[in-house]
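K.L.:
What would the 3D arrangement of this be:
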Amino acid sequence: MLVRFWQKMEKMSLSQTRLKFFDLIKSSSKIVLTTHFSPDDDAISSILSLYYVLTKKFPKKQIEMIITGNPVNRFSVFLNYSQIHFVSELATKLTNADLLICLDGGQYSRFSNDSQKILDLKIKTICLDHHQSPPDKFDLLWQNPKAASTAELVYQFTSKNFVLDETLSKLLLLGILGDTGNFNYIRPGQYHLFSLVKKILQISQINIQEFKSTYSLIEPQAFEIIQEFVKNSKFYQVKNWPDFQVSYLTNTYSDQLTSEASSIFVSNYLRLIKGYSWGFTVYQKSDGNFSLSFRSLPGSVNVRDLVERIGIGGGHDRASGAKVNAKDAVSSSVVINQIIDWLKTNQPLLT
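P.N.:
From the prediction side, this is the model:
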């Protein structure tokens with residue numbers, strides 16, 4: 001009978017968990033790696049880094065990368081990105097798999113629109129995640145909110161079994177830069193990360209600005225979407241809540257461009273308007289569902305707590321994602337009004 005190691009997670013050290021991790025790898029023939037919807041820099045970094053290590057370490061094993069959603073062109077400069085299978089639904093691609101490794105998310109609903117189907121398959125599952133949201137049940141779980149990125153966790157799990165080289169250094173740096181906002185979001189207790197970054201830079205001899213320019217330049221069409229987000233920015237006051245900003249789209253664009261534009265907008269404009277310490281963006285995707293991104297400043301709304309209480313998402317205290325199904329809303333304005341109505345009858349958690 002398969003032991004559910006997640007129940008013992010708090011009592012297991014990193015070294016013990018690492019041993020269980022590689023035991024599960026060794027006992028599996030077909031392994032699938034995945035990450036969350038609309039993968040960001042850390043998600044892509046994590047899946048590519050782990051794939052690179054495992055395929056080098058276990059060349060005879062069948063290892064695949066499968067993500068629910070659509071590819072994003074800017075990541076195509078990274079090794080093996082073309083090997084990722086972007087599909088309409090992850091759950092339908094796991095029937096022959098022995099092991100599913102979920103990266104940068106602790107809930108099956110972040111990887112699949114039919115998470116129950118994954119549970120029904122009863123395949124072995126592993127999760128590596130650095131978010132604080134309560135996780136689902138996995139056969140092996142390593143959730144470490146003290147880590148600045150899931151890429152850092154991938155390094156922790158593989159550094160004893162694989163020598164850090166130039167290729168892996170670049171893959172890891174993608175995630176570290178992404179989830180630390182180019183080191184803007186480093187917190188007390190995360191300073192150890194700089195020793196890893198030093199090692200990465202020494203091995204790769206990377207110029208960070210030059211490195212970022214290979215994958216983070218803005219497409220002209222994405223810039224047009226950013227302009228619409230700016231144009232459609234509204235500012236709200238709800239009793240007991242800090243004042244906040246909401247931006248949305250009325251026009252329809254490709255999911256790839258919209259995801260790129262939303263990421264840039266929330267990083268550069270959301271929560272940075274004086275007097276408006278938190279906010280969110282919302283737009284409708286090609287499948288009819290609505291994607292939301294929440295951001296806040298320290299001392300303001302804990303947006304992870306907010307989306308978890310509403311029941312639409314999870315993530316970090318300062319940066320969280322959410323999804324509203326098409327059956328629950330017909331437009332971005334309806335989604336915004338639903339959230340505002342919820343705010344009016346609930347109190348914020350300020351952290």
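K.L.:
Now residue 126: which helix or strand?
P.N.:
Assigned by DSSP states H and E, residue 126 belongs to strand 124-129.
K.L.:
Whatever helix or strand comes next after that strand pairs with which strands, parallel or anti?
P.N.:
Proceeding N to C from strand 124-129, the next assigned helix or strand is strand 140-143, under DSSP H and E. Within its sheet, and counting by DSSP bridges, strand 140-143 is paired with strand 124-129 (parallel).
K.L.:
ok, back up a step: average pLDDT across the strand holding residue 126?
P.N.:
Taken as a whole, strand 124-129 has a mean pLDDT of 97.
K.L.:
who touches it?
P.N.:
Strand 124-129 is contacted by residues 2, 21, 24, 28, 46, 50, 98-106, 118, 135-136, 138-144, 150, 153-154, 157 when judged by CB atoms under 8 Å, 6 or more residues apart in numbering. Yep, even glycine has a C-beta here, placed from its N, CA and C like the rest.
K.L.:
Could you pull out the strands in this protein for me?
P.N.:
Secondary structure of the chain (DSSP state E): strands located at 30-35, 62-68, 84-87, 99-103, 124-129, 140-143, 233-236, 244-248, 278-284, 290-296, 313-315, 319-324.
K.L.:
List the neighbouring strands of the last one plus their orientation.
P.N.:
Strand partners for strand 319-324, identified by DSSP bridges, are recorded as strand 290-296 (antiparallel), strand 313-315 (antiparallel).
K.L.:
what angle sits between the strand holding residue 126 and strand 30-35?
P.N.:
Using axes from the mean of the first three to the mean of the last three CA atoms, to 10 degrees, the interaxial angle of strand 124-129 with respect to strand 30-35 works out to 30 degrees.
K.L.:
just how off-centre is strand 124-129 within its chain?
P.N.:
Between the mean C-alpha point of strand 124-129 and the mean C-alpha point of its chain there is a distance of 14 Å (CA atoms, centre = their mean, to the nearest Å).
K.L.:
can you state the direction angle for it and strand 99-103?
P.N.:
Here strand 124-129 points in a direction 10 degrees away from that of strand 99-103 (the same axes, to 10 degrees).
K.L.:
Just confirm residue 170 contacts residue 211, I think it does.
P.N.:
Yes - shown here, residue 170 and residue 211 form a contact pair, counting by CB atoms under 8 Å, at 7.2 Å.
K.L.:
Neighbour count: the two, which is higher?
P.N.:
residue 170 (21 against 17; other CB atoms under 10 Å).
K.L.:
so where's this protein uncertain?
P.N.:
Filtered on pLDDT under 70, the chain yields the residue ranges 1-11.
K.L.:
Can you give me the domain boundaries for it?
P.N.:
By the record's domain assignment, the chain is partitioned as 5-213, 220-344 (automatic domain parsing).
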